[in-house]
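Asker: The sequence and its predicted three-dimensional model are supplied below.
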Amino acid sequence: MSSNSSSTNLLPVGKWLQRTALAAILAATLLAACTASATPTPVSTPTPVPTPTPSLQGADEVVRAYLQAWQESDYARMYTYLSPSAQAGIPADKFTSRYKAIADEATLQSLVATESPAQRTSATAAVAAFSIAAETSLAGPFRLDNQLRLSYQGTQWGIDWTTESIFPLLGPEKLVHMFVQVPSRAGIYDRRGLALAVNENLVELGVVPGKVTDEALLLRTLSGLLGEPEDKIKARYAAAARPDWFMPVGVISAAAADKNEDLLSSIAGITWREKDKRSYPQASLAAQVVGYMARIDAKTLERLSGQGYNETDMLGVAGLEAWGEKYLGGTRGGTLAIISQDGRIVWTLAEKAAKSSASLYTTLDSELQRTAETILGTRVGAIAAIDVRNGEVLALVSYPGYDPGELTAGTPTGGWEALLNDPHHPFLDRAIAGVYPPGSTFKIITLAAGLQELRLSENTTYYCAGRWNGLNDGAIRTCWVPTGHGSLTLFQGLAQSCDTVFWEVGKALNERSPYVLPQYARAFGLGQVSGLNALDEAQGLIPDPDWKAKAYSGAEQNWLPRDAVNMAIGQGDVLATPLQMANLVAAVANGGTLYRPRLIREIRSAMDGVVASFGPQVAGQLPVSAANLRIIQRAMEAVVTQGSAQRAFIGSPVRMAGKSGTAEAPPGEPHGWFVGFAPADNPQIAVAVVLEHGGEGGKNAAPLFRQVIEAYLAQPR
């Protein structure tokens, strides 16, 4: 039985091996499991969160603010909208100066910018289209489309600025330039078309130092053409800051340039350009009327730079050259362009043609003007002559004067100082701006007021004892004939220029009203500008009670009878210009029509024809009846034939009428006047002559008046 139990617990060898293998596999599996659970579990890496794309709203706001600042010319504010990288590329001062320089060069008047919404080109980059509409003074309007590039840097959008952000094609090496178109200056002419001021065509020679190959030949040639030493010519181009600059060395006539063109073209370094020079063919004739030109001053340049003027330009500064600048100079035009460094036009932004200049055609009679200047000679004074039929100014003479050509060319400093310091003031046009007490020439007005307002007749009788105390103010007034004229009529009073007669008339007028005589004087054109249609004139002075109350203080403010009697003989505070007196006499001569004097007859452009024409213009009618005017005319003729000035007219073939005047001008000699018209029976011309401190008018001024009248009427018609 024991042997049976043992045999039951034993496995066959094959099965035992299977179980052993399974146990080994199981043990290995368990061991592997235990080993795996002992190793740490690795940590997983989180997925990056995407950065949010910046909104384009910020880009639009930057573009809008940038363009608004440009419209307001606030270039410093524009700079604040540039991206950091753009600001790193250009300092603020250079940025603002670039924009300002372009605005100045373009003569920019206004700029309006319109933007479009920005378009994204990447997550942090965008582009915004915009357009500008600009207006320039010289080249007119222009419109262009452009774009701004932007980038998002840090926390905001900024403009990635380049020079092409201003204008397309404006690369770093390119410039904005205004090519100014300057019309040729027009001329000034007399009534017959004789040139008083014109432009002369010249050729300005220059040297480009960097192109010179044979300096000895160049200097020898230029010296021969210019008539100047070689060292002087060399000094003019030796100081060139750059070798490619044109350095002017002198001018020659257009004819000389044509004759020597082949020679000039053959020498390296010589170049030339056309240039206008202002010329005065009649030299100093009517100098103060014609005027002169000078280089533009800083203050005027500041005002006119936007119209295309620069520091080398010449402007009219006196006479008709100044008055007519807007006509004579025309209106400048321009071409606004982007150019390369060598001056080639890359793109034309805007262009406007210049407006042609226009010439001034005056009423001056050059023959009479020259004759009158010769007659006046070196006497300090003036002569004014007017056509009584229409108010045309025939001559305006003033001495001393100047040479317009010399002043325009640039008188040396010493010459300028001599003119400026001359006590006789050569720049003063005495004919229209010199004011003098008219003396007894004023008696024409007093006679008119007496006839008209006091109902006096030409036969009203007065007595002159040589001394007059009619005001009972303690003052004894002495007539210019101390022994007296005796008994004489009002008519004879003018012919003999009796002070006593006109003191009496002045006293009576003042008793009627202290405003009567001043009102008549103004009605005759005194105390106000005559209305000359060119140049600046003095208005003179006619006092009255209102004026005196403002001009004086204390007891002197009161209008007194002595003020009226002084005015009656053209003394006291009364002042008049020669032109006013000639115009007054012209009105008496033609029957009472006071014309506005005309110096400019027509303004005419070679391109556009007549720009403006000026016919006779009536300023008013003398407040005197035709009958009383005839009395005045006859009395003025009696001055010449039998009165105070008759000696000066003995033997004259012409019937003349006039009035002398000797106006007190202490401490010097009195001013001498003579005013009148001729022929007395068919008036054509009125003339006023004044000699500063020239003594008696009937003795010294009357002979000059006679010569001017006879010379004018002797001219062929």
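Answerer: Okay, I see it. Residues are numbered from 1 along each chain as shown.
Asker: C-alpha only now, for contacts and for neighbours.
Answerer: OK.
Asker: For Gly89, see how far away the most centrally placed residue in the chain is.
Answerer: Centrality entry for the chain: nearest residue to the mean C-alpha point is Glu325, 6.3 Å, by Cα atoms, centre = their mean. Going from Glu325 to Gly89 by Cα to Cα, to the nearest Å gives 47 Å.
Asker: What of Ala384?
Answerer: Taking Cα to Cα, one finds Ala384 at 70 Å from Gly89.
Asker: Settle it for me: which of the two has more neighbours?
Answerer: Of the pair Ala384 and Gly89, Ala384 is the one with more neighbours under other Cα atoms under 10 Å, namely 28 against 13.
Asker: Now that one: closest residue in space, sequence neighbours ignored.
Answerer: Leu396 (4.7 Å; Cα to Cα, 6 or more residues apart in numbering).
Asker: Which residue ranges of the stretch 351-500 of the chain form strands?
Answerer: Counting by DSSP state E, counting those that start in this stretch, the stretch 351-500 of the chain has strands at residues 359-362, 381-387, 393-399, 461-464, 467-468, 477-478, 486-489.
Asker: possible to save these as JSON lines with distance to Met567 and mean pLDDT?
Answerer: Compiled in JSON lines, the strands of the stretch 351-500 of the chain are given as follows (distance: least, Cα to Cα, whole Å; pLDDT from 0 to 100):
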{"stretch": "strand 359-362", "distance to Met567": "35", "mean pLDDT": "98"}
{"stretch": "strand 381-387", "distance to Met567": "23", "mean pLDDT": "98"}
{"stretch": "strand 393-399", "distance to Met567": "26", "mean pLDDT": "98"}
{"stretch": "strand 461-464", "distance to Met567": "19", "mean pLDDT": "98"}
{"stretch": "strand 467-468", "distance to Met567": "16", "mean pLDDT": "96"}
{"stretch": "strand 477-478", "distance to Met567": "14", "mean pLDDT": "96"}
{"stretch": "strand 486-489", "distance to Met567": "21", "mean pLDDT": "98"}
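Asker: wait, what's in contact with Leu575?
Answerer: 435-438, 527, 540-542 (Cα atoms under 8 Å, 6 or more residues apart in numbering).
Asker: got the domain boundaries for the protein?
Answerer: For the chain, automatic domain parsing gives the domain ranges 56-172, 200-277, 439-525+541-574.
Asker: Just give me how far the second one sits from the chain centre.
Answerer: Average the C-alpha atoms of domain 200-277, do the same for its chain, and the two points are 33 Å apart (Cα atoms, centre = their mean, to the nearest Å).
Asker: re the thing from before, I'd like to know which of the domains of the chain is closest to Thr371.
Answerer: domain 439-525+541-574 (24.0 Å; Cα to Cα).
Asker: Can you tell me what sits against the helix or strand where Lys232 lies?
Answerer: For Lys232, the enclosing helix or strand under DSSP states H and E is helix 230-238. For helix 230-238, contacts defined as Cα under 8 Å, 6+ apart pick out 207-209, 219-220, 222-223, 247-249.
Asker: before we move on, back to that, export the domains of the chain as JSON lines, with columns for distance to Lys352.
Answerer: Listed next are these as JSON lines, based on distance: least, Cα to Cα, whole Å:
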{"stretch": "domain 56-172", "distance to Lys352": "5"}
{"stretch": "domain 200-277", "distance to Lys352": "22"}
{"stretch": "domain 439-525+541-574", "distance to Lys352": "46"}
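Asker: before we move on, back to that, mind listing what the very next helix or strand once past the helix holding Lys232 pairs with, with the direction of each?
Answerer: Downstream of helix 230-238, the first helix or strand assigned by DSSP H and E is strand 247-253. Counting by DSSP bridges, the strands paired with strand 247-253 are strand 195-207 (antiparallel).
Asker: What's the separation between Met581 and Ala256?
Answerer: Taking Cα to Cα, one finds Met581 at 50 Å from Ala256.
Asker: Looking at those two, which is more packed in?
Answerer: Neighbours per residue (other Cα under 10 Å) separate Met581 from Ala256, with Met581 holding more: 28 against 13.
Asker: ok, how many other residues are close to the closest residue in space to the more buried one that isn't next to it in sequence?
Answerer: Closest residue to Met581 in three dimensions, ignoring its sequence neighbours and counting by Cα to Cα, 6+ apart: Ala688, at 6.2 Å. Per other Cα under 10 Å, the neighbour tally for Ala688 reads 33.
Asker: Surely Ala688 is within a helix?
Answerer: No: Ala688 is assigned strand when assessed by DSSP: H, G, I helix; E, B strand; the rest coil, not a helix.
Asker: mind listing what it touches?
Answerer: 383-385, 578-579, 581-582, 673-676, 705.
Asker: Recalculate using a threshold of 10 Å.
Answerer: By Cα atoms under 10 Å, 6 or more residues apart in numbering, the contact set of Ala688 is 382-386, 396, 431, 441, 577-585, 658-660, 673-677, 701-702, 704-705.
Asker: List buried residues within those.
Answerer: 382-386, 396, 431, 441, 577-585, 658-660, 673-677, 701-702, 704-705 (16 or more other Cα atoms under 10 Å).
Asker: Now intersect those with the strands, please.
Answerer: Within the buried ones among the contacts of Ala688, residues falling in strands by DSSP state E are 382-386, 396, 658-660, 673-677.
Asker: of those, closest to Tyr292?
Answerer: Distance to Tyr292, by Cα to Cα, is smallest for Leu396 among these, at 16.3 Å.
Asker: where in the stretch 1-150 of the chain is pLDDT low?
Answerer: 1-51 (pLDDT under 70).
Asker: With just CA atoms, put stretch 95-106 into CSV.
Answerer: Only the C-alpha atoms of stretch 95-106 are listed here, as CSV (Å, rounded to 0.1, in the frame of the first residue of the first chain):
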residue,chain,number,x,y,z
PHE,A,95,12.5,114.5,-40.6
THR,A,96,10.8,117.8,-39.9
SER,A,97,13.3,119.9,-41.9
ARG,A,98,12.8,117.6,-44.9
TYR,A,99,9.0,118.1,-44.9
LYS,A,100,9.3,121.9,-44.3
ALA,A,101,11.9,122.2,-47.1
ILE,A,102,9.6,120.4,-49.5
ALA,A,103,6.6,122.6,-48.5
ASP,A,104,8.7,125.7,-49.0
GLU,A,105,10.2,124.5,-52.3
ALA,A,106,6.7,123.5,-53.6
